[in-house]
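Trainee: sequence below, structure please.
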Amino acid sequence: MLARGYPVARAIGPARAPAQVSVILPVHDAEPWLDECLGSVLQQDFEGSMELSIFNDASKDKSMTIIEKWKKKLEDSGILVVIGGHDSPSPRGVGYSKNQAVAQSSGSHLCFLDADDVMMPQRVRLQHEAALRHPKSIIGCQVTREPPNSTERYTRWINQLAPNQLLTQVFTSNGPTVIMPTWFCSRAWFAHVGPFDEGGRGVPEDLLFFYEHLRKGGGVVRVDQSLLLYRYHPGAATHSVLETTIWAHRVRFLEEQALPHWATFTIWNAGRQGRRLYRSLTTGSQRKVAAFCDVDENKIRKGFYCYEDSQERPKPRIPVLHFRAARPPFVICVKLWLHAWEKCLKGAGQRACPPSAMRPAIPSLEAEPVYTPTRDPSPVGPDVPSLQAAAEKQS
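Mentor: Residues are numbered from 1 along each chain as shown. Got it, this is the predicted structure:
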């Protein structure tokens with residue numbers, strides 16, 4: 001939708017061939033960061049054709065003034081700028097804005113950029129090369145966090161996941177294993193998976209798109225260079241998404257992608273978060289829980305967990321075992337990067353998980369536990385069968 005006062009979102013004059021890469025830039029009240037962001041588009045060393053597709057989502061600050069200033073600079077350097085937007089009283093949201101920016105663009109590949117971030121000069125070139133090699137993948141990259149000491153564990157997780165973990169660690173509280181502001185993919189693949197959910201504020205449109213991408217057999221590839229300055233600030237749209245919303249989507253995806261492969265499984269953690277996971281499962285998945293396991297002698301001594309809110313009679317009573325007595329597969333529901341937990345997991349023996357799983361591979365955000373499936377040992381580490389098959393295909 002284009003409100004009055006906005007130019008028609010297409011180039012004027014002789015017809016131009018579609019760009020090789022369209023940089024997709026949704027904008028809402030981005031005045032503090034736009035100069036640096038748009039300057040980073042101008043500095044790209046990509047030698048192919050490139051356009052910048054901006055959709056202004058009801059900004060009330062000076063964002064459009066800044067965009068118009070940069071439009072001439074960018075087009076003088078050969079980068080076509082396509083501008084759309086609306087000036088309604090309220091923004092329509094990030095998902096809507098990205099969809100509109102994609103729709104008005106022409107590139108055969110899409111490079112997603114947030115208005116508060118800054119691209120390194122080689123980003124488009126290196127991710128375009130990777131996308132040509134992996135046409136059904138989302139291409140991400142490593143990032144540099146700004147400020148540097150913000151979300152240190154999360155940033156380490158973004159940058160240090162091994163290639164196979166980009167698919168096997170998709171159930172954690174951290175969300176997509178390559179973060180949305182680093183995404184690069186072909187237009188054809190985006191059309192096959194998308195569009196983004198347009199529910200607006202509070203909807204994790206990136207996570208929902210990522211899950212749909214995985215359902216359709218998409219791969220996940222990361223360029224192992226820091227190609228984006230990734231800003232953390234209180235006004236970021238991600239802060240509008242409730243943890244309970246993310247949790248619900250994660251549990252449903254776990255039930256859809258992992259649990260159907262297992263007749264039974266063990267929840268590692270008989271405490272608050274393990275019980276929360278159990279209560280969040282459907283009745284059918286709850287019936288697959290063979291036991292909880294833990295290291296807390298008080299929990300183990302009680303011997304069971306009774307689900308008091310269950311409508312079943314008799315109410316389910318799930319055994320609570322010492323971790324040495326538990327059997328895989330496990331759904332691990334603890335904070336990781338905790339040395340005590342790592343030591344206990346090692347103590348569970350090789351049958352519980354292979355050596356690659358014994359290192360703390362899934363750092364959590366400080367206050368959020370995570371869960372990940374493991375099963376019997378294999379040379380590739382903890383995995384979910386369907387996702388692991390996809391990982392082997394893309395390698």
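
Trainee: so for the strand or helix carrying residue 75, mean pLDDT?
Mentor: Assigned by DSSP states H and E, residue 75 falls within helix 63-76. Summarised as a single mean, pLDDT over helix 63-76 is 97.

Trainee: tell me which helix or strand comes right after that helix.
Mentor: strand 80-86.

Trainee: following that next one, which helix or strand comes up?
Mentor: Past strand 80-86, further along toward the C-terminus, the next helix or strand under DSSP H and E is helix 94-103.

Trainee: what angle do that following helix and strand 80-86 make?
Mentor: Using axes from the mean of the first three to the mean of the last three C-alpha atoms, to 10 degrees, one finds that helix 94-103 and strand 80-86 are set 140 degrees apart in direction.

Trainee: show me what the helix or strand following helix 94-103 is packed up against.
Mentor: For helix 94-103, the succeeding helix or strand toward the C-terminus, using DSSP H and E, is strand 109-112. For strand 109-112, the contact count by 3 or more C-beta pairs under 8 Å, 6 or more residues apart in numbering; DSSP states H and E identifies strand 21-27, helix 123-133, strand 184-186, helix 187-193 as packing neighbours. The way it works is simple: take the backbone N, C-alpha and C, and place the C-beta from them, glycine included.

Trainee: strands paired with strand 109-112, and their directions?
Mentor: strand 21-27 (parallel), strand 184-186 (antiparallel) (DSSP bridges).

Trainee: quick check: the gap between the residue nearest the centre of the chain and residue 198.
Mentor: Nearest to the mean C-alpha position of the chain, counting by C-alpha atoms, centre = their mean, stands residue 176 at 1.7 Å. The gap separating residue 176 from residue 198 is 18 Å, by C-beta to C-beta, to the nearest Å.

Trainee: try residue 95
Mentor: Note on residue 95: its distance to residue 198, by C-beta to C-beta, is 5 Å.

Trainee: higher neighbour count, these two?
Mentor: Taking residue 95 and residue 198 together and counting by other C-beta atoms under 10 Å, residue 95 has the greater number of neighbours (24 against 16).

Trainee: just checking, that one touches residue 199?
Mentor: Yes - if you go by C-beta atoms under 8 Å, residue 95 and residue 199 touch, sitting 6.8 Å apart.

Trainee: so what's in contact with these two at the same time?
Mentor: When C-beta atoms under 8 Å, 6 or more residues apart in numbering defines a contact, the residues bordering residue 95 and residue 199 alike are residue 205.

Trainee: ok, residue 306 touching residue 312?
Mentor: No - applying C-beta under 8 Å as the test, residue 306 and residue 312 come out as separate, 11.2 Å apart.

Trainee: mind listing the shared neighbours of residue 95 and residue 198?
Mentor: Counting by C-beta under 8 Å, 6+ apart, the shared contacts of residue 95 and residue 198 are residue 205.

Trainee: neighbours of residue 112, how many?
Mentor: Using other C-beta under 10 Å, residue 112 is surrounded by 22 other residues.

Trainee: with adjacent residues omitted, what lies nearest to it?
Mentor: Spatial nearest neighbour of residue 112, excluding adjacent residues (C-beta to C-beta, 6 or more residues apart in numbering): residue 183 at 4.4 Å.

Trainee: next, count neighbours for the one you found.
Mentor: Taking other C-beta under 10 Å as the neighbour definition, residue 183 ends up with a count of 24.

Trainee: buried residues, the helix or strand in which residue 305 is found. List them.
Mentor: Using DSSP H and E, residue 305 sits in strand 304-306. Across strand 304-306, burial judged by 16 or more other C-beta atoms under 10 Å covers residue 305.

Trainee: separation between residue 70 and residue 229?
Mentor: As it turns out, when the distance is counted by C-beta to C-beta, residue 70 lies 18 Å from residue 229.
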